[in-house]
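Colleague: build me a structure from this.
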Amino acid sequence: MYLNKAMIYGNLTRDPELKALPSGMNVCSFSIATNRVYNDRDGKRQESVDYHNVVVFGKQADTTHKYLKKGSGAYVEGRMQTRSWDKDGVKHYRTEVVAERVQFGPRTGGGDGGGTPASTGGNNPQDSAIPPAPEYPEEDINPDDIPF
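Modeller: Sure, this is the predicted structure:
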């Protein structure tokens, strides 16, 4: 059995772009930044950022384009996919998350005053709950304190 599942939560690095495929289906693309905090070998606290390309199709693409903007928080579930194409004799590759579900994070700031749907995928009533932002401990975790 094989598994191809991606789950990311981060902030959009640019406004979503909406385009239409030749078939007429809409596709929305955007990028999400995720942060990771860790201690290096010297014990100094370090932070690294990763950027993830995301594409959303169909009705979810319309909703994502309408409600998300640069800086918005979003949780994305989907699968990883790598595309390739030739341009001027050079082969290019792009790895992206093909979203099956996009859930909007908490709103920051005034906004437009309108309501924002919490999720753009699935018929599960629990989809409407916005997950809280993860809380990270202030102090470093000592591996010796873990009981197993």
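
Colleague: ok, Ser29 touching Val54?
Modeller: Yes: distance between Ser29 and Val54: 6.8 Å, which falls inside the contact criterion (Cβ atoms under 8 Å). Every C-beta, even on glycine, is put in place using the N, C-alpha and C of the backbone.

Colleague: so which of those two has more stuff around it?
Modeller: Neighbours around Ser29 and Val54, counted as other Cβ atoms under 10 Å, are more numerous at Val54. The numbers are 23 against 18.

Colleague: give me the nearest residue to Arg83, chain neighbours excluded.
Modeller: Arg94 (5.2 Å; Cβ to Cβ, 6 or more residues apart in numbering).

Colleague: before we move on, what about Asp50?
Modeller: By the measure of Cβ to Cβ, 6+ apart, the closest residue to Asp50 outside its immediate chain neighbours is Thr34, 5.2 Å from it.

Colleague: which residues touch the one you found?
Modeller: 8-10, 49-50, 52 (Cβ atoms under 8 Å, 6 or more residues apart in numbering).

Colleague: cross these against strands and list the overlap.
Modeller: 8-10, 49-50, 52 (DSSP state E).

Colleague: select, from these, the two members most distant in space.
Modeller: The most widely separated members of these are Tyr9 and Val49, with 13.7 Å between them, by Cβ to Cβ.

Colleague: how many other residues sit next to the closest residue to Gly73 other than its chain neighbours?
Modeller: By the measure of Cβ to Cβ, 6+ apart, the closest residue to Gly73 outside its immediate chain neighbours is Gly105, 2.4 Å from it. Burial of Gly105 is recorded as 19 neighbouring residues (other Cβ under 10 Å).

Colleague: dihedrals phi and psi, Gly105?
Modeller: Comment: the main-chain dihedrals of Gly105 come out as phi -80, psi -180, following degrees, to the nearest 10.

Colleague: sorry, back to before: who has more neighbours, Tyr9 and Val49?
Modeller: Comparing Tyr9 with Val49 by other Cβ under 10 Å, the one with more neighbours is Tyr9, at 16 against 10.
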